[in-house]
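Student: after the sequence you'll find the predicted model.
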Amino acid sequence: MPVNYQQIRSAIRAAGQQMPQYALKMKERRKEVMRLFGEYAHQTAILGERAERALELNGDLRLAIPGIQSLNTHIPEDTTRPVPVLWAADGSQIIPDGHLALQFGVINVGLIRLAAGETPLQSIESQLLFADDLYDEQGRRLGEESIALRRDSKERTALLQATSAENSPALTLTDGPLELFRDLRTSSEYQQELQNYLSILSQMSERRLLTAGYVDKPRSDLVVRLLEVLITPEQDISKNQRPLAGIGDAEIFATLLQPGERSASFGLQSPSTRLFQGDLALHFFYLNVGRANNAQIARVEIPAWVAKTETAINTVQHALLAQCRQMGSKAYPYILHRAHETAMVSFDERNQLLNLLQIEMLNQGQPPGETSNKQQAKNLPGKTRFGQ
Amino acid sequence: MNNDQIGYLLRASTSGAVAGCRVAELEQPHLGCMLRIPQAHGYQVYGILYDMHIDDDGLVRQLVTAESISPEVIADNRLHRSVPVEISMIFVGYLQNGQIFHLLPPRPPLTLEDVFLCSAAEMCTFTASGHFGYFRHILRGSDFPVAEILASHLRQAALAQHQHGDTAWINDATQELITLLRDDYPTLMNVLSALADTQLTPQE
């Protein structure tokens, strides 16, 4: 059956009717955000103290910690910076499906290397998860979160290994934040993978390998959250009140940053970033990768060993902008798109792998499994018009 | 792939085939060149290239909107991205038991067969065999510019024949074409006009 359009239509109409009022509310909040941003732009010490106090009261806060540069700092691209050798990794996965004839998973990581004047390199690393690999230490079958966590870790491991023979300065890029976002924080598997992830970042830090995570169309409100703690009475900070909810940082920086400009670097504070200490502490800056009158804001996460020096941040900024320019009007780092394209596992490929596994089972005298009845019913051809 | 291999067969019928090759390997084949597809037991199918098709995709379409594309991005697209160049050929004959026939092959080659460029010597052997019977396969073509393909092929074949000491081949070939097209004046004029543009002299 299709969607119940009658129901949905009335819901859409109701949502639409609320929009003018909602837009007005957002406009007021935006105005307040911009007022606070302008007023406190140069008072980073006050902001820092206030953020620390707020974190004492509410450890779950996720916000930006200002550095010594004012909030409204905008730094143009330094086109004199040499573009380092670029490495990008991206991963994709096949999640085990209990309804298929055989249960298996795959973690696929695509790697791309681009360097001026050299032949581009591309490689794929694929790991099959089968039989015992599909269960964690507690005997639970791996789910989407577990496999995604392993994939994140593998992306970073692949970058570390790939760059081990690199003699020239290199920048490693991944899509998305450097911070690990997974719903498994209490599990031993998460802790193990997290330690592995931190160990890889440490090794990258020791080698002073430039590293960044690129977040396209960021929805984060870390700077807005910082401004919120300014206007929230201390007794209410632990209540997670959000007087400026709905306004993202990108809205602030779209008005501030000219094409090619980046913001100051901020510290990133959240419950999970406490594990990223010292050289691994997470920072970020906003970058306008768009064109005149069409700001496109990206958020770039960098570890402390990169954030420490302005020249390193400038190198990351220049390299990312050069990559984004390759993609024309839809600015996004070319190398990250290619890593994604390389890693992506299609539905057809999943079926082909399943066939290969079944053939191997038969070769070994083992049953090839059977698709669930539910899946078989789903695989039936859909309704068609008479004669088609 | 060895030096003369230009790609692998994608699909085939009794009258022609399409091969795929990577953009990076596109330097060798030319319009009108002769190709061969070796099979088992000395059986080999010959074709003449009449079209090269380069497809775009979403990323390429987006890249062309950039103000400038860096050399490494161009190299990456040509080397690594799986956008094959499609090379279309018409079959013009085959080799069986050491004998060349200017007939359509008894059976088409199978997918993923190796496709090779014919050397000058192989082209001479094929084009000098029989009496230009393979021209009719080209002249029958309806979905490619017959005159241009013929002119391009004759230029390459004439040069190969000249290198191997047969300077009369091009005159004989032209005479045969005039005979074959004597009742089709528009096509004959097109072919002769295209031949004139190849600037072939009888000495070549």
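Tutor: Thanks, I have it.

Student: ok, residues contacting the helix or strand bottoming out on mean pLDDT in chain A?
Tutor: In chain A, the helix or strand scored least confidently by mean pLDDT, DSSP states H and E is helix A:234-237, which has a mean of 86. The set of residues external to helix A:234-237 that reach it, using Cβ atoms under 8 Å, 6 or more residues apart in numbering or on different chains, is A:53-54, A:57-58, A:61, A:229. C-beta here means a position set from N, CA and C on the backbone, and glycine is covered the same way.

Student: past that helix, which element shows up next along the chain?
Tutor: Downstream of helix A:234-237, the first helix or strand assigned by DSSP states H and E is helix A:249-256.

Student: buried stuff in that next one?
Tutor: A:249-254, A:256 (16 or more other Cβ atoms under 10 Å in any protein chain shown).

Student: near the residue in chain A positioned nearest to chain B, how many other residues are there?
Tutor: The nearest approach of chain A to chain B comes at A:Gly328, 3.2 Å away (Cβ to the nearest Cβ). Using other Cβ atoms under 10 Å in any protein chain shown, A:Gly328 is surrounded by 17 other residues.

Student: so who does it touch?
Tutor: B:62-66.

Student: in space, what's closest to it - neighbours in sequence excluded?
Tutor: Leaving aside its chain neighbours, A:Gly328 sits nearest to B:Thr65 (3.2 Å; criterion: Cβ to Cβ, 6 or more residues apart in numbering or on different chains).

Student: state the phi and psi torsions of the spatially most central residue of chain A.
Tutor: Closest residue to the average C-alpha location of chain A: A:Gly176 at 1.8 Å, with Cα atoms, centre = their mean. For A:Gly176, the backbone dihedrals (degrees, to the nearest 10) come out as phi 100, psi 180.

Student: for the nearest residue to it once chain neighbours are set aside, list each beta-bridge partner.
Tutor: Computed as Cβ to Cβ, 6+ apart, the closest residue to A:Gly176 that is not its neighbour in sequence is A:Gly213, at 5.8 Å. On the basis of DSSP bridges, A:Gly213 is bridged to A:Thr174, A:Glu301.

Student: quick revisit: B:Ser88: which of the contacts of helix A:234-237 is nearest?
Tutor: A:Leu61 (64.1 Å; Cβ to Cβ).

Student: that closest one and A:Leu222 touch, don't they?
Tutor: No - the pair A:Leu61 / A:Leu222 is not scored as a contact, 9.9 Å apart, by Cβ atoms under 8 Å.

Student: quick revisit: biggest separation within the contacts of helix A:234-237, which pair?
Tutor: Greatest spatial distance in those: A:Arg53 and A:Leu61, 10.8 Å, computed using Cβ to Cβ.

Student: more neighbours: which of these two?
Tutor: Neighbour totals were compared for A:Arg53 and A:Leu61, and A:Leu61 leads with 21 against 13 (other Cβ under 10 Å).

Student: hey, C-alpha coordinates of stretch B:153-161 in CSV?
Tutor: Output in CSV follows, covering the C-alpha atoms of stretch B:153-161 (Å, rounded to 0.1, in the frame of the first residue of the first chain):
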residue,chain,number,x,y,z
HIS,B,153,40.8,2.5,-43.2
LEU,B,154,42.2,2.8,-46.7
ARG,B,155,44.7,5.3,-45.6
GLN,B,156,46.0,3.0,-42.8
ALA,B,157,45.9,-0.1,-45.1
ALA,B,158,47.6,1.7,-48.0
LEU,B,159,50.5,2.9,-45.7
ALA,B,160,50.9,-0.6,-44.4
GLN,B,161,50.9,-2.1,-47.9
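
Student: low-confidence stretches in the chain?
Tutor: Let's take chain A. Residues of chain A meeting the criterion pLDDT under 70: A:1, A:182-185, A:383-388.

Student: wait, chain B was what I had in mind.
Tutor: Checking chain B against pLDDT under 70 turns up B:1-3, B:24-25, B:82-83, B:201-204.

Student: spell out the residue ranges of the helices in it.
Tutor: Taking DSSP state H, the helices of chain B run over residues B:58-63, B:71-79, B:120-128, B:135-139, B:146-163, B:169-180, B:185-197.

Student: which of these sits most buried?
Tutor: The highest average neighbour count among those, using mean count of other Cβ atoms under 10 Å in any protein chain shown, belongs to helix B:146-163 at a mean of 21.

Student: which of the helices of chain B sits closest to A:Ala41?
Tutor: Comparing these by their distance to A:Ala41 (Cβ to Cβ), the top pick is helix B:58-63, with 36.7 Å.

Student: quickly check: the closest one near chain A or not.
Tutor: Yes - among the residues of helix B:58-63, B:59, B:62-63 lie within reach of chain A under Cβ under 8 Å from any Cβ of the partner chain.

Student: with the residues you listed in mind, which one is nearest to chain A?
Tutor: B:Gln62 (5.3 Å).

Student: so what's that closest one up against?
Tutor: A:327-328, A:330.

Student: need the three-state assignment for the residue lying closest to it once chain neighbours are set aside.
Tutor: Excluding the flanking residues, the one nearest B:Gln62 by Cβ to Cβ, 6+ apart is A:Gly328, at 5.3 Å. Classification of A:Gly328 using DSSP: H, G, I helix; E, B strand; the rest coil returns coil.

Student: could you do A:Gly139 as well?
Tutor: A:Gly139 ends up coil, using three-state DSSP.

Student: quick one: it from A:Asp132, how far?
Tutor: Using Cβ to Cβ, to the nearest Å, A:Gly139 is found at 10 Å from A:Asp132.

Student: what of A:Gln122?
Tutor: From A:Gln122 to A:Asp132 the distance is 31 Å (Cβ to Cβ).

Student: so which of the two has more stuff around it?
Tutor: Comparing A:Gln122 with A:Asp132 by other Cβ under 10 Å, the one with more neighbours is A:Gln122, at 17 against 7.

Student: wait, is that one part of a helix?
Tutor: No - under three-state DSSP, A:Gln122 falls outside any helix and is assigned strand.

Student: follow-up on the earlier one: show the contacting residues for the residue nearest to A:Gly176.
Tutor: Counting by Cβ under 8 Å, 6+ apart, A:Gly213 has contacts A:173-179, A:300-302.

Student: widest-spaced pair of those residues?
Tutor: Farthest pair in the contacts of A:Gly213 (Cβ to Cβ) is A:Leu173 and A:Glu179. Separation: 15.5 Å.

Student: these two: which has the busier surroundings?
Tutor: More neighbours surround A:Leu173 than the other of A:Leu173 and A:Glu179, with 25 against 16 (other Cβ under 10 Å).

Student: what is the nearest of the contacts of B:Gln62 to A:Leu353?
Tutor: Closest to A:Leu353 out of the contacts of B:Gln62 is A:Met327 (31.0 Å), distances taken as Cβ to Cβ.

Student: for A:Asp78, see how far away the closest one is.
Tutor: A:Met327 is 21 Å from A:Asp78, by Cβ to Cβ.

Student: higher neighbour count, those two?
Tutor: More neighbours surround A:Met327 than the other of A:Met327 and A:Asp78, with 21 against 14 (other Cβ under 10 Å).

Student: the residue of chain B found nearest chain A: neighbouring residues, count only.
Tutor: Nearest to chain A in chain B, going by Cβ to the nearest Cβ, is B:Thr65, at a distance of 3.2 Å. B:Thr65: 11 surrounding residues under other Cβ under 10 Å.

Student: with adjacent residues omitted, what lies nearest to A:Ile46?
Tutor: Distance criterion Cβ to Cβ, 6+ apart; nearest residue to A:Ile46, sequence neighbours excluded, is A:Tyr40 at 6.8 Å.

Student: cool, and B:Leu31?
Tutor: Using Cβ to Cβ, 6+ apart, the closest residue to B:Leu31 is B:Ser152 (4.9 Å).

Student: sounds good, over and out.
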